[in-house]
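Sequence plus predicted model, see below.
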Amino acid sequence: MDQQPKKKMRESLTIKTSHVAPPDTNHHGNLFGGKLMSDIDDAASIAAGRFARKPVVTVSTDSVDFFKPIRIGDAVTLEAIVTWSGRTSMEVFVKVVSEHLLTGEKSIAAFSFLTFVALDENGRPTPVPKAVPESEEEHWLNKTAETRAAHRQARKKESKKLADFFSNIQL
């Protein structure tokens, strides 16, 4: 019987820090949500690729929860880690932290969960290692992933119904 190889979650850890510059902000001086979402997808894809050591694609952005605006001139740090893996898919958690560089004040600005699939040389889903948690936080993220996966599956079914409904309707 072929057993799924294992890999420690921390081996996927990806940390990216950048300045928030004027072109990245809206008329309120806050980082554009879409820009942050792009950065989240980028960091998450690196984490998933590190974990799988194969090409990966985003299957879904399960959630992006914004807690605090990120202001122009702040530093923004994204920490991404694979929290769970199925046969070919991986859930990635991204924590976004803003830092006021003059005061050193840090705040959690956003959380996000995304799902990625690893691909083989023909562009088809291919197996990934089993995610192994070590720290208390990793165990919590890994354990609670099953609930999030169930929500994802239910949402996917609803989205499929919507796609079928709207396939012949033009708004």
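Arrived safely. Residues are numbered from 1 along each chain as shown.

so who does the residue sitting nearest the centre point of the chain touch?
Closest to where the C-alpha atoms of the chain average out (CA atoms, centre = their mean) is Leu114, at 3.7 Å. When contacts are counted by CB atoms under 8 Å, 6 or more residues apart in numbering, Leu114 is found next to Ile40, Asp41, Ala44, Thr58, Ser60, Thr61, Asp62, Glu91, Val92, Val94. Any C-beta I mention is one placed from the backbone N, CA and C, and that applies to glycine too.

With adjacent residues omitted, what lies nearest to Asp42?
Leaving aside its sequence neighbours, Asp42 sits nearest to Lys16 (CB to CB, 6 or more residues apart in numbering; 7.5 Å).

Now the strand or helix carrying that neighbour: average pLDDT?
If you go by DSSP states H and E, Lys16 is part of strand 14-19. What strand 14-19 shows for mean pLDDT is 98.

Ok, stretch 83-92 next?
Rounded mean pLDDT across stretch 83-92 is 97.

List the buried residues for it?
Thr83, Trp84, Ser85, Gly86, Thr88, Ser89, Met90, Glu91, Val92 (16 or more other CB atoms under 10 Å).
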